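> prediction below, plus the sequence it came from.
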Amino acid sequence: MAPGWRLFRRALNLRAPPVNHYVQLPYNVHGPFLKKLNFGMFVGLPELRNNMTLAAQSYSTWQTTVDPKEMKKFQLLAHKWWAEDGQYAALHAMNDIRVPFIRDTILNMKNDHQLGCPLSGMNILDVGCGGGLLTEPLGRLGASVTGIDPLEDNIRTAELHTSFDPVLASRIQYKSCALEDIVEEALETFDIVVASEVVEHVADVETFIKCCAKVLKPEGSLFVTTINKSQLSYVFGIVVAESVLGIVPAGTHDWEKFIAPEELERLLESNDFSVKTVKGMLYNPFSGAWTWIGSTSINYGLHAVKTNMQEQLDPKEAILDMDKEELQTESSIRSAS
Ligand SMILES: C[S@@+](CC[C@H](N)C(=O)[O-])C[C@H]1O[C@@H](n2cnc3c(N)ncnc32)[C@H](O)[C@@H]1O
């Protein structure tokens, strides 16, 4: 936090809530909130103080999304990301469907694109990037990608691998941190946020979703792939995948942390997102290939767009609209009389 801001808060006697005290921020109360004060928000001092307390609170004091138990599991495999036939083989194979899903969805929303670099000009955040398995192909499509992961060893592996390709290295940056740690500095920064196979490992999905909304630009896209919380996902996602076929290491997944698409949609819709696509994914352990399917009962992919709350909530716009309407009514009354 900037020293001047700290002094300003002290002068107003605003104290940050205790660490890990989760406060739900209203949409407009963050960096832009201060700007908004200058144009069109009519607030009294008590209200101002309340809002300032919220605005001043660091996002890193939100309830953490990082589950230490999950970190321990990933730590053991932090150097194995790029072994194509190793423990992360299924994630390597998933690129065959998740990369086109992201690319084509974005291309369908854009009017123009550069040949060979369809995602150029796009600023992407790959949350929970692991060793960079998805970060790299997104960079190859021309995007500028930031990969973050709470595990430092994952980031080291990712950085090392990307460093072998200088063109790619110029488009990708990695940072070892949790999503909530960058919210403050990255408010409305990204065109696309990708959280692939991450949601089922976080400590608090709702905080995670809120943070995704904060770092996305209005009308930005969120892509999630994850695992449903169903009987089938228990049988195939845990018993078969971990214990019978060993597709993923035993203990990788905790069924309790899986989330049904309906629940994820509900969370997204109540946190400024509009869900556009939800589709099922199926892994064939014998061919080692993923395909899109209609059923979302085990794995699924989702695309949601952040709604442009600015347009909906901007009080200045609303007041201007009201003024315009009043003037129009007045002038039509005058011309009628
Ligand atoms: C199954 S791996 C997926 C890696 C990568 N997204 C991919 O698909 O290749 C899950 C990753 O999420 C990371 N992770 C776990 N909890 C996280 C959190 N709260 N925030 C961000 N990343 C997290 C783990 O460290 C791990 O690298």
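Right, received. Where do you want to start? Numbering: from 1, shown residues only.

> for the stretch 51-200 of the chain, which spans come out with low pLDDT?
Applying pLDDT under 70 to the stretch 51-200 of the chain picks out residues 51-62.

> which residues of it lie near the ligand?
65-66, 70, 74, 91, 127-130, 133-134, 149-151, 154, 178-179, 196-198 (Cβ under 6 Å from any ligand atom). Where C-beta positions appear, they are placed from N, C-alpha and C, glycine not excepted.

> what do you get if the cut-off is 8 Å, keeping everything else the same?
Residues of the stretch 51-200 of the chain found near the ligand (Cβ under 8 Å from any ligand atom) are 64-67, 70-71, 74, 81, 88, 91, 94, 98, 126-134, 148-151, 154, 178-179, 194-198, 200.

> cool, and the stretch 201-337 of the chain?
So the stretch 201-337 of the chain meets the ligand at 201-203, 208, 225, 252 (Cβ under 8 Å from any ligand atom).

> my read: Asn299 touches Thr225, true?
Yes. Counting by Cβ atoms under 8 Å, Asn299 does reach Thr225; the two are 6.9 Å apart.

> how about the strands in the stretch 51-200 of the chain?
Under the criterion DSSP state E, counting those that start in this stretch, the stretch 51-200 of the chain contains strands at 123-127, 144-149, 172-176, 190-196.

> adding distance to Asp272, write those strands out as a markdown table.
A markdown table is the format used below for the strands of the stretch 51-200 of the chain (distance: least, Cβ to Cβ, whole Å):
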| stretch | distance to Asp272 |
| --- | --- |
| strand 123-127 | 16 |
| strand 144-149 | 21 |
| strand 172-176 | 24 |
| strand 190-196 | 13 |
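
> Serialize those strands to TSV and add fields for distance to Met109 and mean neighbour count.
Listed next are these as TSV, based on distance: least, Cβ to Cβ, whole Å; neighbours: other Cβ atoms under 10 Å:
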stretch	distance to Met109	mean neighbour count
strand 123-127	14	25
strand 144-149	18	25
strand 172-176	23	19
strand 190-196	10	24
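
> nearest to Ala304, out of those?
strand 190-196 (9.6 Å; Cβ to Cβ).

> returning to what we had before: any residues in contact with both of Asn299 and Thr225?
Met281 (Cβ atoms under 8 Å, 6 or more residues apart in numbering).

> can you give me the end-to-end distance of stretch 113-133?
End-to-end distance of stretch 113-133 (Cα to Cα, to the nearest Å): 24 Å.

> buried sites along it?
113, 118-119, 122-133 (16 or more other Cβ atoms under 10 Å).

> then stretch 205-212?
205, 207-212.

> now stretch 64-73
Buried, per 16+ other Cβ under 10 Å, within stretch 64-73: 64-67, 70-71, 73.

> can you give me how far that stretch is from the chain middle?
Counting by Cα atoms, centre = their mean, to the nearest Å, stretch 64-73 is centred 17 Å from the centre of its parent chain.
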